[in-house]
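Undergrad: Need coordinates for the following:
(2 chains)
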Amino acid sequence: MKKSSIAGIIIIALAIGIIISTYADSSTYGSFTDAKKSESELHVVGQLNKDKELFYNPQQDANYFAFYMRDNQGLESKVVFNGSKPQDFERSEQIVLTGKMVGNEFHASKILMKCPSKYTKDEVEVTEVSASTAKI
Amino acid sequence: MEIQYIGENLLPGKIGQFFIILSFCTALLASISYYFATTTNLSKDALVRAGSDGWKRIARIAFLINIAAVLGIGSSLYFIIYNHLFEYHYAWAHSSKILPVYYIISSFWEGQEGSFWLWMFWQAVLGFVILRKGKSWENSVMSTIMLSQAFIASMLVGVEVFGFRIGSSPFILLRDAVPGPIFQRGDYLSLVTDGNGLNPLLQNYWMVIHPPTLFLGFASMIVPFSYAIAGLWEKRYTDWVKPALPWTLFAVMILGTGIIMGSFWAYEALNFGGFWAWDPVENASIIPWMTLIAAVHVLIAYKNSGHSYFTATFLVLISFVLVLYASFLTRSGILGETSVHAFTDLGMFWHLVLYVLTFLFLSVIFLVIRWKELPITKKDEETYSREFWLFIGALVISIACLQILATTSVPVFNAIFGTEIAPPANVIAHYNKWQVPFAVVIAFISAFSQFLKYKKTEPKKFFVSISLSLLFSLFITAGAVYIMNIYTNVMYIILTYASVFSIIANARILGDAFKGKWRLAGSAVAHIGFAMLLVGALVAAATNKIVSINNTGIGFGDEFAKSNNPRENIILYKDEPVKMDRYTVTYLGDSVQGVNTYYRINYKVINEETGKIKENFTLYPNAQQNAKMRQIIASPDTKHYLFHDIYTHVSSVPLKEEDHEEHDGHSDDESYEKPLTYEINVGDTVRFKEGYILVKGINRDAKIQNIPVGERDIAIGLQLEVNSDGKVYPSEPIYLLKEGSKFDFGKKVDEKGLKFRFTNVFPDRNKLELMVYQKPKPEKTWVVLKAIEFPYINLFWGGTIIMVIGFLLSIFRRNKEITQA
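TA: Numbering: from 1, shown residues only, chains lettered A, B, ... in the order given. Next up is the predicted model:
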């Protein structure tokens, strides 16, 4: 057999291995309901509930950040993240969490935020100069 | 009614838009004319062939106008940004008045349109070089390059055709791009006082130079692609390799440099704490780089042995298609949920798809048409030959690349097949699992194949020459893994061994080069650099250590504490040293410079026995505070040593409150603690937290601004002296009795956070009433920070620099081969 054919066979074998590995390592997108049923880590997409308080008090614990998120099915859950509050968190439009459910809390190991970009934020900020009032 | 807009400067935009249309038309014309110049020249009919020169002349003129148009677009856009013409959306969205000039350049390519322009500019420059130096290749090569140029120009057109907007123009007006009631006003421009500004993370000197380098790398990949197409088209199957080879090396060198600059920017300016994160956007840029590196090796194999023709052509072609695929990934918004820094879709999704598919079909069609004629050897390569191992090496790189491509493309599969596969939960482990073994194989091949000759090598001789290096590397590896502390992981040891072997084997080749065999110097240097890069990346990534591990936080329940994540952030109070790892770290305070707040973090290493300070340095990580958004944007600071780096960024800081002005219904007194009321007389002292107040006397002739004091009115000033910290601050609150009514005018001593009111006079008791307001003591200031130690990271940076030097040497050599031929 030609050596390049052997190389070809090896390549095909490796390519199949890669595809299987990609699929095996891949996680799934789910909801908090799915997370409750699942033991392994999964991705939950949702929005920050801006009405409820974000909890981050570094003087108490610099590695505890908690907030409430609504997943895409509308279910809300408390989320705990073992780290500091990510920058720009309040402005996030969409959050992708990686983690799992522990009791009634979702423990996130990774938070990925989508913030409004310059293109979607397009609101012109207007500054109107008002006459200064006399003060004592 | 038509609104008359005041103050708009519409001319530069119109000129710019004209140049865009012009650049599109001339690129298309040049491409078509070069096409006919090529096909007529291929004709057997001498009369038709004579027409080729006419086409060529048209094509050249069109191309030169195209260059002028591209420069025109750039100048117009620069003029708009530089002069802060915020009536244009691009200037408004990406720049602001306070930006210094060098960042105005970065804001130029912050948006998609600007980066497309950059690509177009480089393509024009490269085209010009081909025009001057391309000789017999000019027609066919330029035809492809100009097709790509037309595609990019069409991305900037921004004109609606049949209800579809084609491309996105950088010259669109703010009032057309953004809806808003203020555009009902003719004088809206007077209300738009400043632009959005440049993303603070991009305000870094690397961001001035990284995008142009990266785009030159992307742009230059069209040249080998066009040569490969031209080779198939004109049936010059063997000829194209020689002129294409230096271009391929050039593209690899520049793109590699661009990627590393991005990596260094991420390390210096971003706070994810590393130099590579396997982010889809990073992957998108490294995928074509890897296929082109593989292409370089098989091109050389083909040139010297006649083997691997198809692999070489295929890899060159696919590399440029992958460049286009990369720009599709980053610009179409498809990465949405998987990447932090991809662009959002500008409505060019299908436009980008078309661009990728056009060049993919072009490649496939030429390969299929010419398939039977391709010089594919039927003969088998010798196992002990360089060409065989160059081929195998290229295959391994390609498979490694395929793995990155497969995982990065998950969102694309989802979009095509409607699946919902998420990327791996632990991305870095997933990639490393595959890439480390590939790196081992590549490092080994890059070492021993240097000792193989083309065609056939005597196996015995070969093994004798490499065995010494293999043995020698074993000792060095043993020492290195011990010093670098990576002996616990077998895979790490093997990779180190492979890399050390590669360094030593190539160093021997380099040694021969100094004896006069200069030909292999470039490859030896590049391979040494690559092997160093591997070791550096491995060690820095495997053994970087979070210095700021914190176990002092008050727990939030056992369940939370059990989680195995290290607690990576630590709080530091001002002037309170904390022991972290071997460092004693103190937060010394902060200072504001422009928009940035710099936090002074002092690191000391103290010998515990002698108390002597061994190391002492201060880092200045900074954060941009945006009180309105209640957020910070932090950038790290790093102390570089030869053998390790200390990297620090703040993760959280107290937000500075905006000074809000006093206004109705919001009493100034709210910011003070409850006042204390004293009855006093001249000569008395009143104590407060940080000192005492002396009542000096009474001013019976006090004046009040704006209020006339009548003859029967009484205005008395109370002369006070605040003593605190050895300093004296005078103050005089005033009491006024006007037409029978009492008023009082308080005075503040802002330095001490004090306010005094002289509120009453009791003549019967001979006492005066003084109210003392004091602001609450400011909280202890603090920062939360994260510190990481990166050992031996200079191996990584040094390796990349050496690798680039190696490429440069190879380019000189391959370029010389053309001129000699």
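Undergrad: Now do the contacts for the residue nearest the centre of chain B.
TA: Central residue of chain B (CA atoms, centre = their mean): B:G262, 4.9 Å from the mean position. Residues in contact with B:G262 (CB atoms under 8 Å, 6 or more residues apart in numbering or on different chains) are B:W206, B:H210, B:L214, B:E282, B:S285. For every residue, glycine as well, the C-beta is placed using N, CA and C.
Undergrad: Among these, which has the minimum pLDDT value?
TA: The lowest pLDDT within these belongs to B:W206, with 82.
Undergrad: Just the buried residues of the helix or strand hosting it, please?
TA: Here B:W206 sits within helix B:205-220, counting by DSSP states H and E. Neighbour-count burial for helix B:205-220, counted by 16 or more other CB atoms under 10 Å in any protein chain shown, picks out B:206-220.
Undergrad: How about stretch B:605-613?
TA: Buried, per 16+ other CB under 10 Å, within stretch B:605-613: B:I606.
Undergrad: likewise stretch B:134-143?
TA: Those would be B:G134, B:W137, B:E138, B:N139, B:S140, B:V141, B:M142, B:S143, for stretch B:134-143 by 16+ other CB under 10 Å.
Undergrad: For chain A, tell me which of these show up nearby.
TA: Among the buried residues of stretch B:134-143, no residue is within reach of chain A (CB under 8 Å from any CB of the partner chain).
Undergrad: just checking, next helix/strand downstream of the helix-or-strand element of chain B with minimal mean pLDDT?
TA: Least confident helix or strand of chain B, by mean pLDDT, DSSP states H and E, is helix B:558-562 with a mean of 44. Counting by DSSP H and E, the next helix or strand C-terminal to helix B:558-562 is strand B:570-573.
Undergrad: Pull the residues that contact that next one.
TA: Contacts with strand B:570-573, where a contact means CB under 8 Å, 6+ apart, come from A:58-59, A:62, B:548-550, B:552, B:578, B:580, B:585-587, B:601, B:780-787.
Undergrad: now stretch B:647-657
TA: With contact meaning CB under 8 Å, 6+ apart, stretch B:647-657 is reached by A:56, A:58, A:62, A:83-85, B:267, B:271, B:273, B:569, B:597, B:599, B:601, B:619, B:621, B:623, B:625, B:627, B:630, B:632, B:634-638, B:779, B:781-790.
Undergrad: quick revisit: now, the contacts of strand B:570-573 that are in strands?
TA: Secondary structure from DSSP state E places B:V578, B:M580, B:V585, B:T586, B:Y587, B:I601, B:W782, B:V783, B:V784, B:L785, B:K786, B:A787 of those in strands.
Undergrad: Which member of these is positioned nearest chain A?
TA: B:V784 (4.4 Å; CB to the nearest CB).
Undergrad: how about the residues of the stretch 101-250 of chain B that lie near chain A?
TA: So the stretch 101-250 of chain B meets chain A at B:G111, B:L174, B:A177, B:V178, B:G180, B:I182, B:L191, B:V192, B:T193, B:N196, B:N199 (CB under 8 Å from any CB).
Undergrad: Isn't the second one up against B:W92?
TA: In this case it means B:L174. Yes - shown here, B:L174 and B:W92 form a contact pair, counting by CB atoms under 8 Å, at 5.1 Å.
Undergrad: Specify the local secondary structure of the closest residue to B:F183 other than its chain neighbours.
TA: For B:F183, ignoring the flanking residues on the chain, the nearest one in space by CB to CB, 6 or more residues apart in numbering or on different chains is B:R175 at 4.3 Å. Three-state assignment for B:R175 (DSSP: H, G, I helix; E, B strand; the rest coil): helix.
Undergrad: I figured B:R175 was touching B:R185, is that so?
TA: No - contact criterion CB under 8 Å: B:R175 and B:R185 do not qualify, at 10.3 Å.
Undergrad: what's A:G99 sitting at in phi/psi?
TA: Dihedral pair for A:G99: phi 170, psi -160, per degrees, to the nearest 10.
Undergrad: Hmm, I typed the wrong one, I wanted B:V159.
TA: phi -110, psi 140.
Undergrad: so how far is the helix or strand where B:V125 lies from its chain's centroid?
TA: Assigning secondary structure by DSSP H and E places B:V125 in helix B:112-133. Helix B:112-133 has its C-alpha centroid displaced from the chain centroid by 22 Å (CA atoms, centre = their mean, to the nearest Å).
Undergrad: Tell me the secondary structure at the residue most central in space within chain A.
TA: The C-alpha lying nearest the average C-alpha coordinate of chain A belongs to A:V96 (CA atoms, centre = their mean; 2.5 Å). Reducing the assignment at A:V96 to three states with three-state DSSP gives strand.
Undergrad: That one against A:L42, yeah?
TA: No - counting by CB under 8 Å, A:V96 does not reach A:L42; the two are 10.7 Å apart.
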